[in-house]
Each structure stands twice: as C-alpha cells, then as structure tokens.
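Peer 1: this one's structure only:
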Ligand SMILES: [Zn+2]
C-alpha cells in the first residue's frame, strides 16, 4: 500500500468553502487524501506524521496565471530596473535611479567581457521614471560604439539599441519606414524599437532572442527557483513559440524529480490562426502533469506606459498618438472562431480599452458561429476596461486576469501622463470584475514585474502606487478575495481548478508554506508574509535549501 504522510500545521487555509480551515492534511501518491483533524485523517489507515510545518501556515500552492519563463534567462543580462529586485538565488539587486546610473551599470558590466565584439544587454529599463526622457542611441554609444549594446524595457514592448546594434541589422541609415522604428531629426532611427517585429531583429543581435530564451533550460531552472521562493507551484509561460526542441527540453526538465513547478506554456500565435490551432492540438497530446500544453496566446496591442496600447477616444492624456495593433482585429476574430471550433483555449493580451473592445466584438461574432458553454477564453492585463466592458465579458463567458502589480509600478504615471486621473482609478478593476461576476485572477507578468503572488494580492487589496497614492479606492478588494484570485481564480482561467487551487480530497498535493497567516496579519503586511517554500505534487522544497549555482 502506498505510504501516507500527515502534516500538522498551525493553520491550513484550504480555499474549500465547505471546510475553509483545517489543522492537518494527508498526502498520498502526490495528492491530497484529505484535510481535517488528525482523528479524521487517521481513518485512512497507517500513516507517518511529519511535523516540519507544525509552526507554519499552509495554503494552496499559489498559481501565477501570467508570467514568462524568460525571467529566469533574463538574469544573465544586466538588471537595469528602477526598483530593487531579488534574483533566483535570493540576492537583491538595487534599482538604478537615473539614466546615468543605468549607463554606469552597463559600462561596469562591460569590463567583464573579453570579446570586443560581444553584445551587451540589459533588461528592466524604465525611462518613464526619468520623466519619460527617451533614451536614444547616442546615450548607449557612450558605453560602446563597436559592440551591440541594448536594453529591453520593463514593459517588454520596447528595446533601446546603440548605433552598433542598429548597424548589425542594417538600420543605421536613412530611409527606414516602420511605425515601430521612430526616426531622429537626422532621418536615422533613434534606437528605440517598438513592437515585436523590429524588436525581434535587434534582440537577436543582442543575444536576447525570445525564441532562443524561450527554450532555455538554465533559464527555466532559475525560473522554478523564483517560483519556490514566491510560494508558486503552478506558473504559466504565457507566450512561447514552443518549437519542437524547446518543448522537448521542457518535457525533459520538468520530468526531473527535483523540478518544483508545474509549467503551463501557451503557444504564441504566429503565422496563421489555422496553423496555431493545429499546432495547439498537436501539443495537447504531449501534456504531462508538470507541463500542460495546448493553449494559445494572442497579443492585441502593446503597453500603456510605452504608449503602444490601443486606446478608445479620447486617447492618451498627454496627447501621445494611439498605439499599435499587434494583431489585426479581423485576424483575432478568425483565430477565436477556429479555436472555439477545435476546443482550444485562447488567452489574449489587451491593455488599452480599444484592444479589449476588439476582442469582445470578435468573440461575440465567433460565438454566434461556434457557441461554447465553457470556453474560458481569458483577457490578460485588460487594464483599462470600463464597467460596460466587464458586463460584456460576463455575457460572453470571458475570464479576466488583471495586472494588479502594474498599479503599484506605473499607477503614478498613468495618473499624470498616460490615461489621466479619472481613467487611472478604473484600471485593473478587481472590484468591478467581482461585482459583475467575471472570473478573476491577478498577476505579475514576470519578468515585467517581480513574481510574487502575495505582493500581487497586496496590490489588489490596497491599490497603492509607488508614491503612496491610493489610486481607485473603490476598486480595492478584500484579502480573502485576493487570496482566492492567486489560487483558485488563476487555476480557473487555466481550466485546472478541478485539480489545483484548493486543499481538499483528490487534488494535487500543492501547498504554499508560509511563516505567518495572510488572513490575520495586518493587511498592509500581506506582501511581507514570509514564504518558507512549497510542497509540489507531494514533494517538499524549502527556499533556504535551493541550489544557488
Ligand atoms: Zn506577459
């Protein structure tokens, strides 16, 4: 008979409404046999009692419904972000507070490069904090005029490149005509590259090629360490090209006994919608417990803080031109039709409310042809949706995964610069989602902001910006609702809520092990609740014992 382990805990928050708390949980074959009292669980027969969590609080393993494995790979580049950030080994990197500091940091990193032609890349750059003074190629030429130098913006939607990097792709010249490649007064690109297509070319010259990074085993290993430190047992890789060799690597690595995370990669729609649906169906067949394949991700527009999101009238508060369509609305509608027909799930990135409206219209049309009672198509970010759009989401059966962290990092900029005071208060409208009955998750979009669902929950509960402003007090939600959004809520958007997201009989033995009780600490301390580690599929992973190579 398989062995049974019973874990007593200070408190077990189950997220099971029929039995919200328990003192013990029994685990057999990687799954939960039951949560209750020791006497109740003893009825299952012989068992070992493991007391290592006796002074700790257990809750369901946290589910990050929007993140990218790339965060793991990014740590080999130079961190150029404004805020302090913890790396996969637990070291905290200080934020760079001025453009000069960023340049100095990159120049410093350059000293360790032997090859004079080797590329130098940074990530997490966020010029909006430098009063939106745009970085141009001459700034980065201060670091080097011979090697390609560039930085990925924090939004992930813009890259800044120096002259050598532009030259490497043949763009250090006049006559470039592309909406994502702004030109300087000399007619030569400024070095700011917006949107996937121009970024991709330059990223390759910088060694930051997304397709390469997406299939990177060391990066995936580092990512899983971030998950353990954050209490996450299931995380999405929300837009991956999923080439054959990348999928093979992910299957192999995730199958290792010491791999601590369930990864849910979504296939980024490239090529035609028909090709993507066909590929998703083929990938579904390869799914394992720890690698869940077969969903599609579409990207409708860019980012609001990069002014590349599509906004409805009256547009950007500071008068910036409207953003970019990453995919034509007609093409999104076609993809949704084909996916509904094939039973493939689609998550769509929308930031601006015009992009959200396009998906609502497209899905409305698609559902007329292929009705589906439970498609769970999900809007990702969906930051600027208004109440009417939430009501349409409810009617159309959409879920929403709101970008709660964004409010902290860019709320001040949205208030004063991008969408203005009124619309900034409705961004990431968690309370409206709950009030209208739209299934709700909240996310970090790591590496855009740091992976850490308890911090994400704190953001949704307080809606504080970096400067301390409460932005949209009526859209705040309670701690209980926020904890549900980072467990069952996110699991629901992935159609995994029958398996994970709560601690109850039959589900996977996935726990987040905490040093304190998130339901009873003062709500402003929610983000500071210590994470001891996780139990994933019955396997115990302590953050303090993670390898640090
Ligand atoms: Zn993302």
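Peer 2: All right, it came through fine. Every value quoted in this text rests on a predicted model; they were computed, and no experiment measured them.
Peer 1: List phi and psi for the residue of the stretch 151-300 of the chain found nearest the ion.
Peer 2: Closest contact between the stretch 151-300 of the chain and the ion, by C-beta to the ion, is at residue 238 (4.9 Å). Bear in mind the C-beta positions are built from the backbone N, C-alpha and C, glycine included. Residue 238 adopts backbone torsions of phi -80, psi -10, taken as degrees, to the nearest 10.
Peer 1: same deal with residue 440?
Peer 2: Phi and psi for residue 440, reported as degrees, to the nearest 10, are phi -120, psi 130.
Peer 1: pretty sure it contacts residue 483?
Peer 2: No: the pair residue 440 / residue 483 is not scored as a contact, 11.9 Å apart, by C-beta atoms under 8 Å.
Peer 1: coming back round to it: how about the contacts made by the residue of the stretch 151-300 of the chain closest to the ion?
Peer 2: Applying C-beta atoms under 8 Å, 6 or more residues apart in numbering to residue 238 gives the contacts 66-68, 266, 297, 347, 380, 445.
Peer 1: Kindly recompute the last result at 7 Å.
Peer 2: Shown in contact with residue 238 (C-beta atoms under 7 Å, 6 or more residues apart in numbering): 66-68, 266, 297, 347, 380.
Peer 1: can you list the residues of the stretch 301-450 of the chain near the ion?
Peer 2: Applying C-beta under 5 Å from the ion, we find that the stretch 301-450 of the chain lies next to the ion at residue 445.
Peer 1: Just the closest residue of the stretch 301-450 of the chain to the ion, please.
Peer 2: residue 445 (4.3 Å).
Peer 1: Please work out how many residues are found near that residue.
Peer 2: Residues lying near residue 445 (other C-beta atoms under 10 Å) number 27.
Peer 1: interface residues of the chain facing the ion?
Peer 2: Residues of the chain lying close to the ion by C-beta under 5 Å from the ion are 238, 445.
Peer 1: Below-threshold pLDDT in the chain: ranges please.
Peer 2: Within the chain, the ranges that satisfy pLDDT under 70 run 132, 211-212, 215.
Peer 1: Quick check: longest helix in it by residues?
Peer 2: helix 353-369 (DSSP state H).
Peer 1: Flag every buried residue along that one.
Peer 2: The neighbour-count check on helix 353-369 (16 or more other C-beta atoms under 10 Å) flags 353-360, 362-363, 366-367 as buried.
Peer 1: coming back round to it: from the contacts of residue 238, which land in strands?
Peer 2: The members of the contacts of residue 238 that map onto strands under DSSP state E are 266, 297, 347, 380.
Peer 1: Out of these, which is nearest to residue 18?
Peer 2: residue 347 (29.8 Å; C-beta to C-beta).
Peer 1: circling back to that earlier point, now the longest helix of the chain: how far from the chain's centre is it?
Peer 2: Helix 353-369 sits 23 Å away from the centroid of its parent chain (C-alpha atoms, centre = their mean, to the nearest Å).
Peer 1: What of stretch 418-433?
Peer 2: Per C-alpha atoms, centre = their mean, the centroid offset for stretch 418-433 relative to its chain is 20 Å.
Peer 1: Mind jotting down where the helices sit in the stretch 351-500 of the chain?
Peer 2: Assigned by DSSP state H, counting those that start in this stretch, the stretch 351-500 of the chain shows helices spanning 353-369, 387-396, 404-413, 420-425, 430-436, 453-462, 479-484, 490-493.
Peer 1: Find the nearest non-adjacent residue to residue 489, please.
Peer 2: residue 441 (4.4 Å; C-beta to C-beta, 6 or more residues apart in numbering).
Peer 1: before we move on, the earlier item: against residue 27, how distant is the residue of the stretch 151-300 of the chain closest to the ion?
Peer 2: Distance of residue 238 to residue 27, given as C-beta to C-beta, to the nearest Å: 30 Å.
Peer 1: go on, residue 421?
Peer 2: 50 Å.
Peer 1: So for these two, which residue has more residues nearby?
Peer 2: Using other C-beta under 10 Å, the more surrounded residue of residue 421 and residue 27 is residue 27, with 24 against 11.
Peer 1: and that one, that one's in a helix?
Peer 2: No: using DSSP: H, G, I helix; E, B strand; the rest coil, the assignment for residue 27 is strand, not a helix.
Peer 1: got the contact list for residue 446?
Peer 2: Shown in contact with residue 446 (C-beta under 7 Å, 6+ apart): 67-68, 71.
Peer 1: ok, now residue 456?
Peer 2: 404-405, 442-444, 486 are the contacts of residue 456 under C-beta under 7 Å, 6+ apart.
Peer 1: can we see that at 10 Å?
Peer 2: Going by C-beta atoms under 10 Å, 6 or more residues apart in numbering, residue 456 touches 62, 64-66, 230, 402-406, 408, 441-446, 449-450, 482, 485-486, 490, 526-527.
Peer 1: Also residue 394?
Peer 2: 400, 433, 435-439.
Peer 1: switch the cut-off to 6 Å
Peer 2: Residue 394 makes contact with 436-438, according to C-beta atoms under 6 Å, 6 or more residues apart in numbering.
Peer 1: picking up where we left off before, of all the contacts of residue 446, which comes closest to the ion?
Peer 2: Using C-beta to the ion, these come closest to the ion at residue 68, 5.7 Å.
Peer 1: Backbone dihedrals for the closest one, please?
Peer 2: Main-chain torsions, residue 68, degrees, to the nearest 10: phi -140, psi 130.
Peer 1: What's the separation between it and residue 217?
Peer 2: For residue 68, the distance to residue 217 equals 15 Å [C-beta to C-beta].
Peer 1: between the two, which one's more packed in?
Peer 2: residue 68 (28 against 14).
Peer 1: For burial, what's the neighbour tally of residue 329?
Peer 2: Residue 329, neighbours per other C-beta under 10 Å, totals 17.
Peer 1: Actually, residue 115.
Peer 2: Other residues close to residue 115 by other C-beta under 10 Å number 7.
Peer 1: And stretch 322-340, how far out from the chain middle?
Peer 2: Relative to its parent chain, stretch 322-340 has a centroid offset of 21 Å by C-alpha atoms, centre = their mean.
Peer 1: er, stretch 417-437 I mean
Peer 2: Computed by C-alpha atoms, centre = their mean, the chain-centroid distance of stretch 417-437 equals 19 Å.
Peer 1: Over to stretch 480-499?
Peer 2: Per C-alpha atoms, centre = their mean, the centroid offset for stretch 480-499 relative to its chain is 15 Å.
Peer 1: Need the distance between the two termini of it.
Peer 2: Start and end residues of stretch 480-499 are separated by 20 Å (C-alpha to C-alpha, to the nearest Å).
Peer 1: is it fair to say residue 199 lies in a helix?
Peer 2: Yes: judged by three-state DSSP, residue 199 forms part of a helix.
Peer 1: which ones are touching it?
Peer 2: Listed by C-beta under 6 Å, 6+ apart, the contact set of residue 199 reads 159, 193.
Peer 1: now with 8 Å?
Peer 2: 157-159, 180, 193.
Peer 1: ok, it to residue 165 distance?
Peer 2: Residue 199 is 11 Å from residue 165, by C-beta to C-beta.
Peer 1: cool, residue 23 as well?
Peer 2: Separation of residue 23 from residue 165 (C-beta to C-beta): 58 Å.
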